[in-house]
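Undergrad: got a predicted structure plus its sequence, pasted below:
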Amino acid sequence: MRLKEARKEAGLSQAELGRRMGIDPSIVRHVEAGRLKAYPRFRRVCTRILGKQQEEIFGGPAEDQE
């Protein structure tokens with residue numbers, strides 16, 4: 001599952017996800033488009049809000065380093 005799909009499944013807009021994460025919504029948009037890397041903190045906060053595992057949304061093993 002990818003970020004956009006997980007976000008939509010949760011019924012959230014990019015703006016709402018960004019607000020809940022405490023970041024500018026444009027960052028969510030850029031990560032979804034592949035223009036920005038989803039750094040570890042982004043992954044942790046995002047997956048907690050969306051109720052998914054990091055691997056489901058971002059693929060590969062979870063990263064714990066910042």
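TA: Done, it's in.

Undergrad: same question for stretch 27-38, mean pLDDT?
TA: Averaging pLDDT along stretch 27-38 yields 95.

Undergrad: scratch that, stretch 7-20 is what I was asking about
TA: Stretch 7-20 shows a mean pLDDT of 97.

Undergrad: what sits up against that stretch?
TA: By Cβ atoms under 8 Å, 6 or more residues apart in numbering, the residues outside stretch 7-20 that reach it are 1, 24-29, 32, 46, 49-51. Glycine gets a C-beta too; all of them are placed from N, C-alpha and C.

Undergrad: tell me where the protein has helices.
TA: With DSSP state H as the criterion, the chain has helices at 3-9, 14-21, 25-33, 40-50, 54-58.

Undergrad: what are the buried residues along the longest one?
TA: Burial within helix 40-50, assessed by neighbour count using 16 or more other Cβ atoms under 10 Å, is assigned to 42-44, 46-47, 49-50.

Undergrad: for the second one, same thing?
TA: Residues of helix 14-21 classed as buried by neighbour count (16+ other Cβ under 10 Å): 14, 17-18, 20-21.

Undergrad: which one of those residues is nearest to residue 6?
TA: Among those, residue 17 lies closest to residue 6 (Cβ to Cβ), at 9.5 Å.
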